[in-house]
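> Output the structure for:
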Amino acid sequence: MQFRQFQLQAHSRTAWLLLCFFALLLALSGFVNLVLALGWRLLMPFTQGFPALFFETNTALVMFFVIGGALVELDRLRSGGGVRVAHWLGGVEVGDTGDALHRRLLNVVDEMAIASGQPVPRVFVLPREDAINAFVAGWGAQDLALCVTRGALERLNRAELQGLVAHEFGHIEKDDLPLTMRLLALVWGLSLVHGYGRSLMASDDDGRVNPLAWLLGVVFAAIGWVGWLAGRVLQAAVAREREHLADACAIQYTRTRDGLGNVLRKIWHDQQVLAGRMRHPASDMIASLLLQESGHVSWLASHPPIQARILRICGSVLPPIPAPLLRLDAVEPRHAPTAPGALLAAEGSAPRGGGHQGGGSAAKGSLAARQEREARQARLQADREALQRLQGRVGPTEERLIVLALMMNTENPREAKLWRKVGEGVLQPEQILQDVSSLLPTRRVAEFERLTDRIAQSPMPQRRTLVEQARDLLRADGRVSPRERLWWLALRHRMGVHQRGSQAFMRPVTGQGQDLASLQPSDLHHVRTMSAYLARLIPAEQTDSGLPTANRAWLEAVNHRLNADWSGQAGDTTLGTINTDADALAHALAGLQELSWVLRPQLIKAWVEEAMNHSPQGLMSHQTADVLRLMAGLLDAPMPPMLEAHYKST
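I've put the predicted structure just below:
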């Protein structure tokens with residue numbers, strides 16, 4: 001979308017907001033006039049008509065309070081930005097003091113800023129709020145504030161906290177904040193009297209209530225109830241659909257649905273047991289900013305029903321789950337933001353915790369930010385140019401050379417020497433290697449799939465020649481790594497070239513059940529063999545010193561999903577007793593390819609979810625994602641959304 005289109009969209013959304021506001025303002029004025037007219041008749045039953053300018057005065061007073069209050073609050077919000085909203089709700093800014101919960105929150109915010117490419121906001125905690133909730137407010141990169149309740153900080157694990165924070169970054173990316181800030185000012189005007197009454201009724205920090213103030217608060221809250229109702233209607237009319245978009249962004253940034261899905265399930269449980277309400281009197285006015293509001297009737301709700309959000313995220317309405325207090329046994333190491341968007345915010349905002357930096361440090365930070373942005377722009381430009389040149393090579397030999405270059409290790413001299421021999425007679429073959437090296441990591445498998453789809457239309461002898469050339473190329477250095485073998489199997493499958501003795505058709509599938517836990521022993525053996533092979537690559541490639549701990553943990557988690565009753569110690573059964581040589585791997589792959597269309601996507605999904613669970617900070621490496629994408633292609637199964645999001649987010 002172009003810049004002018006963004007402008008038009010922003011103007012149309014603002015115009016719709018103002019139209020709704022003035023429609024509700026007219027309705028509010030009419031209702032006040034009606035109530036006052038009835039009151040006049042009750043107090044003065046024998047008089048004729050109404051006093052001069054009765055209705056005009058009432059309407060002017062309503063307009064004065066509502067529009068005046070909205071304009072005053074809008075001016076305050078423009079000068080204070082998101083920080084004003086945070087302080088208004090009682091937020092306390094989080095500094096890196098070494099507190100385990102605060103350190104984890106700061107790290108998660110930085111991680112989601114990197115994942116979304118958005119600025120890092122100033123981070124606040126609402127210490128009086130036991131409910132699980134959060135919101136982000138501000139007009140732009142310089143005044144963003146992200147607030148998390150104490151309940152969310154103390155009762156969400158790290159993956160869930162990532163989902164909650166990622167949802168708020170979704171609002172930043174979708175440019176929802178200017179609209180919600182205007183909405184907040186208008187709702188403040190409509191709810192001015194009611195909000196003042198609620199503030200008088202609220203207890204102090206010690207839980208005490210002033211009886212006289214409480215009685216006055218009841219009066220003001222009752223008088224302003226209609227304005228509060230109008231504000232709720234305005235929020236419901238404007239804000240609801242934006243939540244689904246932010247939920248989708250959260251899944252894209254975290255690459256898992258479990259984080260945000262479990263947050264909503266815990267909020268649902270709180271609403272059933274503890275009502276899940278925010279304590280601050282102004283929480284109703286910022287309902288459109290919150291992750292999830294307290295329960296209201298559907299036509300007043302500014303958020304979709306929580307069950308509907310869970311259904312969209314998880315695929316089914318999973319039951320609510322309790323949210324006990326968590327205990328962190330260790331303090332995470334602090335890592336600074338490195339994303340361009342994060343550095344952009346660092347240039348224009350105060351340091352966390354209210355500290356001051358010298359001019360020299362600020363200048364260095366600004367220079368580093370510019371260099372980071374320039375390097376990223378240069379990387380993206382090189383990727384675009386390389387992709388354009390590669391896609392411009394349409395000769396059959398050129399396409400085969402590109403496929404081989406995508407599969408090989410360009411740093412391996414023996415493989416490079418054999419590749420150049422295959423490319424003799426091609427114009428500028430070295431440019432192909434250079435262009436392949438310039439591609440972004442997320443491009444490689446996609447280009448491999450695009451080119452092999454084209455080459456698959458060639459006669460069988462040409463396809464078989466490419467498979468043989470790839471085999472010779474990958475073993476040019478005397479060994480074939482697990483990664484290289486997987487790429488070769490994917491090429492052979494896409495070319496329709498099978499090993500001697502393999503079946504040209506699939507056998508009938510019977511008795512496999514509908515889920516992985518009901519696999520037959522023979523099918524379970526195939527899954528076990530292939531999983532043990534993939535454990536050499538997920539989440540990191542095996543080294544000469546043996547299988548990394550994370551890879552063993554991934555394999556054991558996959559085995560647990562299968563309910564596999566395998567005897568022996570995990571370390572002995574995962575690799576030591578499972579045959580994963582070339583013949584066993586081909587046999588296992590053939591068996592998996594004969595699984596039903598219901599079971600193959602489930603298997604890919606299980607591999608992907610456990611890979612995310614056992615990757616650092618829940619983010620799959622490009623190598624892990626490529627391995628799982630190749631496996632999805634080998635099994636002719638669609639990529640799960642969380643794997644697909646890996647390639648869309650970069």
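> Can I take it that Leu630 is in a helix?
Yes. If the criterion is DSSP: H, G, I helix; E, B strand; the rest coil, then Leu630 is within a helix.
> thought it was touching Ala490?
Yes. Using C-beta atoms under 8 Å, Leu630 makes contact with Ala490 at a distance of 4.5 Å. Using the backbone N, CA and C atoms, a C-beta is placed for each residue, glycine as well.
> could you measure Ala553 against Ala52, distance?
As for Ala553, its distance to Ala52 is 82 Å (criterion: C-beta to C-beta, to the nearest Å).
> More neighbours: the two, which one.
Taking neighbours as other C-beta atoms under 10 Å, Ala553 and Ala52 compare with Ala553 leading, 16 against 7.
> Check the burial of the nearest residue to the more buried one once chain neighbours are set aside by counting its neighbours.
Take Ala553 and drop its neighbours on the chain: the residue closest to it by C-beta to C-beta, 6 or more residues apart in numbering is His614, 5.2 Å away. When neighbours are defined as other C-beta under 10 Å, His614 has 23 of them.
> same check, this time on Arg41
That count, for Arg41 with other C-beta under 10 Å as the rule, works out to 11.
> That one: helix or strand, and which one exactly?
The secondary structure element spanning Arg41 is helix 3-43 (assigned by DSSP states H and E).
> which element is the most centrally placed residue in the chain on?
Centroid check for the chain by C-alpha atoms, centre = their mean gives Ala250 as the closest residue, at 2.1 Å. Taking DSSP H and E as the criterion, the element that holds Ala250 is helix 225-254.
> Show the contacting residues for Leu390.
Contacts of Leu390 were listed using C-beta atoms under 8 Å, 6 or more residues apart in numbering, and they are Ile402, Ile432, Asp435, Val436, Leu439, Glu447.
> The last one: how many residues sit nearby?
So that's Glu447. By the measure other C-beta under 10 Å, the count of residues near Glu447 is 18.
> so it makes contact with Met407?
No. Distance between Glu447 and Met407: 11.0 Å, which falls outside the contact criterion (C-beta under 8 Å).
> Alpha carbons of stretch 54-68, as PDB, please.
C-alpha atoms of stretch 54-68 as PDB (Å, rounded to 0.1, in the frame of the first residue of the first chain):
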ATOM      1  CA  PHE A  54     -34.700  25.600  28.300                       C
ATOM      2  CA  PHE A  55     -33.700  23.000  25.700                       C
ATOM      3  CA  GLU A  56     -31.100  25.300  24.100                       C
ATOM      4  CA  THR A  57     -29.400  25.800  27.500                       C
ATOM      5  CA  ASN A  58     -29.400  22.100  28.300                       C
ATOM      6  CA  THR A  59     -28.000  21.200  24.900                       C
ATOM      7  CA  ALA A  60     -25.300  23.900  25.200                       C
ATOM      8  CA  LEU A  61     -24.200  22.600  28.600                       C
ATOM      9  CA  VAL A  62     -24.000  19.000  27.400                       C
ATOM     10  CA  MET A  63     -22.000  20.100  24.300                       C
ATOM     11  CA  PHE A  64     -19.700  22.300  26.500                       C
ATOM     12  CA  PHE A  65     -18.900  19.500  29.000                       C
ATOM     13  CA  VAL A  66     -18.500  16.700  26.400                       C
ATOM     14  CA  ILE A  67     -16.700  18.600  23.600                       C
ATOM     15  CA  GLY A  68     -14.700  20.700  26.000                       C
END
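> for stretch 198-206, what is the average pLDDT?
Over the span of stretch 198-206, the pLDDT mean works out to 68.
> ok, now how distant is His525 from His87?
Using C-beta to C-beta, we find His525 at a distance of 62 Å from His87.
> secondary structure class for Phe64?
Assigned with three-state DSSP, Phe64 falls in the helix class.
> before we move on, back to that, I figured the residue nearest to the centre of the chain was touching Asp258, is that so?
No. In this structure, Ala250 is not within contact of Asp258 by C-beta under 8 Å, at 11.2 Å.
> Touching, Arg198 and Ala213? I think so.
No. Counting by C-beta under 8 Å, no contact exists between Arg198 and Ala213, whose distance comes to 11.5 Å.
> Please say which of those two ends up with more neighbours.
Neighbours per residue (other C-beta under 10 Å) separate Arg198 from Ala213, with Arg198 holding more: 22 against 13.
> secondary structure element for that one?
For Arg198, the element it lies in under DSSP H and E is helix 192-201.
> mean confidence score for the strand or helix carrying Leu264?
In the assignment (DSSP H and E), Leu264 maps to helix 258-273. Model confidence over helix 258-273, given as mean pLDDT, is 87.
> same question, stretch 637-650
In this model, stretch 637-650 has a mean pLDDT of 77.
> Send me that stretch as PDB with only the CA atoms.
As requested, C-alpha coordinates have been extracted for stretch 637-650 and formatted as PDB (Å, rounded to 0.1, in the frame of the first residue of the first chain):
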ATOM      1  CA  ALA A 637       1.600 -31.700   3.400                       C
ATOM      2  CA  PRO A 638       0.800 -28.000   3.800                       C
ATOM      3  CA  MET A 639       3.100 -25.900   6.000                       C
ATOM      4  CA  PRO A 640       1.500 -25.100   9.400                       C
ATOM      5  CA  PRO A 641       0.700 -21.400   9.900                       C
ATOM      6  CA  MET A 642       3.500 -20.900  12.400                       C
ATOM      7  CA  LEU A 643       6.100 -22.300   9.900                       C
ATOM      8  CA  GLU A 644       4.600 -20.300   7.000                       C
ATOM      9  CA  ALA A 645       4.800 -17.100   9.200                       C
ATOM     10  CA  HIS A 646       8.600 -17.600   9.400                       C
ATOM     11  CA  TYR A 647       8.900 -16.900   5.700                       C
ATOM     12  CA  LYS A 648       6.400 -14.100   5.700                       C
ATOM     13  CA  SER A 649       8.000 -12.200   8.600                       C
ATOM     14  CA  THR A 650      11.400 -11.600   7.100                       C
END
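> Count residues in the vicinity of the residue nearest to Leu260 when sequence neighbours are not counted, would you?
Closest residue in space to Leu260, ignoring its immediate chain neighbours: Gly163 at 3.3 Å, by C-beta to C-beta, 6+ apart. For Gly163, the number of neighbouring residues by other C-beta under 10 Å comes to 29.
> Could you do the one 10 residues further on as well?
Neighbour count for Glu173, taken as other C-beta under 10 Å: 16.
> Could you check how far it is from Gly117?
With C-beta to C-beta as the criterion, Glu173 and Gly117 are 8 Å apart.
> again, but for Gly30
Between Gly30 and Gly117 the distance, using C-beta to C-beta, works out to 47 Å.
> Tell me which of these two has more neighbours.
More crowded of Gly30 and Gly117, by other C-beta under 10 Å: Gly117, with 18 against 14.
> Just the pLDDT for the more buried one.
Per-residue confidence at Gly117 stands at 86 (pLDDT).
> quick one: the helices in the stretch 551-650 of the chain?
All helices of the stretch 551-650 of the chain, identified by DSSP state H, counting those that start in this stretch, fall at 570-571, 582-593, 599-613, 622-634, 641-648.
> okay if I get those as a markdown table plus mean neighbour count and distance to Pro178?
Converted to a markdown table, the helices of the stretch 551-650 of the chain look like this (neighbours: other C-beta atoms under 10 Å; distance: least, C-beta to C-beta, whole Å):
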| stretch | mean neighbour count | distance to Pro178 |
| --- | --- | --- |
| helix 570-571 | 12 | 53 |
| helix 582-593 | 17 | 50 |
| helix 599-613 | 22 | 33 |
| helix 622-634 | 23 | 35 |
| helix 641-648 | 19 | 25 |
